[in-house]
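J.: Sequence isn't available, so here's the structure alone:
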């Protein structure tokens with residue numbers, strides 16, 4: 001198989017191969033690498049020509065997510081950690097420890113930025129999204145926390161690219177992060193499409209949960225989006241996958257908590273609590289109804305069924 005190779009000179013000086021990859025063992029030392037995370041053992045790597053006299057930078061690819069990291073913005077103690085993760089972590093433990101050190105450095109940078117009224121550079125946002133592809137839950141939790149709490153809405157454009165990446169772990173974690181950020185204007189349509197027609201259950205569950213977390217009260221046309229989200233979730237109550245239905249119940253209960261004792265949602269959850277084919281889904285619906293009925297400020301009348309067994 002032959003590859004069409006184009007060498008681009010300038011600030012990036014990148015080697016592009018359309019159909020072929022080269023192995024690390026055969027690669028001359030002057031070439032630089034970019035990681036393709038989340039593909040597991042035996043994954044192949046795409047390599048790039050060095051940038052010469054231009055500022056040092058790295059390029060990463062993860063199932064369609066392409067990005068560059070300007071190393072000049074990284075201190076010497078952080079640079080090798082980022083390089084190790086991009087090329088492929090040495091071990092799960094090394095990955096977790098590296099992400100924790102990077103997180104500590106980023107939070108320290110944020111504190112300095114706050115004291116000087118400066119903005120934290122966004123250079124590591126694509127790297128953090130890319131790192132989700134290795135599907136390491138502990139490291140992913142650190143990355144998602146940074147994306148949500150440190151960057152917030154600034155991370156959404158790259159997270160949307162992550163939803164479109166050819167890596168299911170990146171898809172799911174990106175949806176979870178965007179749900180926690182809560183920007184319904186930017187995320188609602190994508191989350192709805194993934195919930196209804198996502199590629200695998202893990203991605204669909206993340207999208208369903210995202211729909212329940214979005215802040216519709218802060219969105220343009222928020223009430224219309226909220227009703228549309230509830231309708232989309234309700235259409236999934238007959239899904240053959242019980243984990244999808246379970247997550248739908250969670251999201252519907254989230255809507256009910258935000259709106260108060262909304263009778264339509266309470267009636268719907270009561271029906272699920274009685275009629276769903278799976279005991280775990282029925283129990284989750286009863287739990288939601290019981291929690292809502294026990295919330296302060298609600299009247300004693302409720303659509304929740306009487307408690308007949310412990311809620312797990």
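T.: Perfect, thanks for sending it. Computed from a predicted model, the values in this text were never measured in an experiment.
J.: quick one: low-confidence parts of this structure?
T.: For the chain, the stretches with pLDDT under 70 are 1-64, 260-261, 295-312.
J.: now do 80
T.: 1-65, 116-119, 259-263, 293-312 (pLDDT under 80).
J.: Break down it into its helices, ranges please.
T.: Under the criterion DSSP state H, helices of the chain are mapped to 79-87, 92-115, 125-131, 137-145, 156-164, 168-181, 184-197, 201-213, 222-234, 242-259, 263-275, 279-294.
J.: Skipping its backbone neighbours, what lies nearest residue 199 in space?
T.: Of all residues not flanking residue 199 in the chain, residue 168 sits nearest, at 6.6 Å (Cβ to Cβ, 6 or more residues apart in numbering). Using the backbone N, CA and C atoms, a C-beta is placed for each residue, glycine as well.
J.: follow-up on the earlier one: select, out of the helices of the chain, the one closest to residue 68.
T.: When these are compared by Cβ to Cβ, helix 125-131 sits nearest residue 68, at 7.8 Å.
J.: Serialize the helices of the chain to CSV and add fields for distance to residue 69 and mean neighbour count.
T.: Converted to CSV, those look like this (distance: least, Cβ to Cβ, whole Å; neighbours: other Cβ atoms under 10 Å):
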stretch, distance to residue 69, mean neighbour count
helix 79-87, 6, 18
helix 92-115, 12, 15
helix 125-131, 5, 27
helix 137-145, 14, 19
helix 156-164, 12, 21
helix 168-181, 17, 26
helix 184-197, 24, 20
helix 201-213, 26, 24
helix 222-234, 35, 17
helix 242-259, 34, 21
helix 263-275, 45, 17
helix 279-294, 42, 19
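J.: Throw these into TSV and include distance to residue 71, thanks.
T.: Formatted as TSV, the helices of the chain follow (distance: least, Cβ to Cβ, whole Å):
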stretch	distance to residue 71
helix 79-87	6
helix 92-115	13
helix 125-131	11
helix 137-145	19
helix 156-164	19
helix 168-181	23
helix 184-197	30
helix 201-213	32
helix 222-234	41
helix 242-259	40
helix 263-275	51
helix 279-294	47
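J.: which one of those lies closest to residue 67?
T.: helix 125-131 (3.3 Å).
J.: So what touches that closest one?
T.: 35, 37, 60, 62, 65, 67-69, 82, 85-86, 99, 139-140, 143, 146-147, 151, 154-155, 158-159, 161-162, 170, 174 (Cβ atoms under 8 Å, 6 or more residues apart in numbering).
J.: List the contacts of the closest residue in space to residue 239 that isn't next to it in sequence.
T.: Nearest residue to residue 239, sequence neighbours excluded (Cβ to Cβ, 6+ apart): residue 245, at 5.7 Å. Residues in contact with residue 245 (Cβ under 8 Å, 6+ apart) are 236-237, 239, 272, 276, 278, 281.
J.: PyMOL command to pick out the buried ones of those residues?
T.: Of the contacts of residue 245, the buried ones can be selected in PyMOL as follows, counting by 16 or more other Cβ atoms under 10 Å:
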select buried, resi 236+237+239+272+276+281
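J.: quick check, nearest of the contacts of residue 245 to residue 291?
T.: residue 272 (14.6 Å).
J.: residues contacting the closest one?
T.: Residue 272 touches 237, 245, 249, 281-282, 285, counting by Cβ under 8 Å, 6+ apart.
J.: still on that earlier bit, quick one: the residue nearest to residue 239 from residue 288, how far?
T.: 13 Å (Cβ to Cβ, to the nearest Å).
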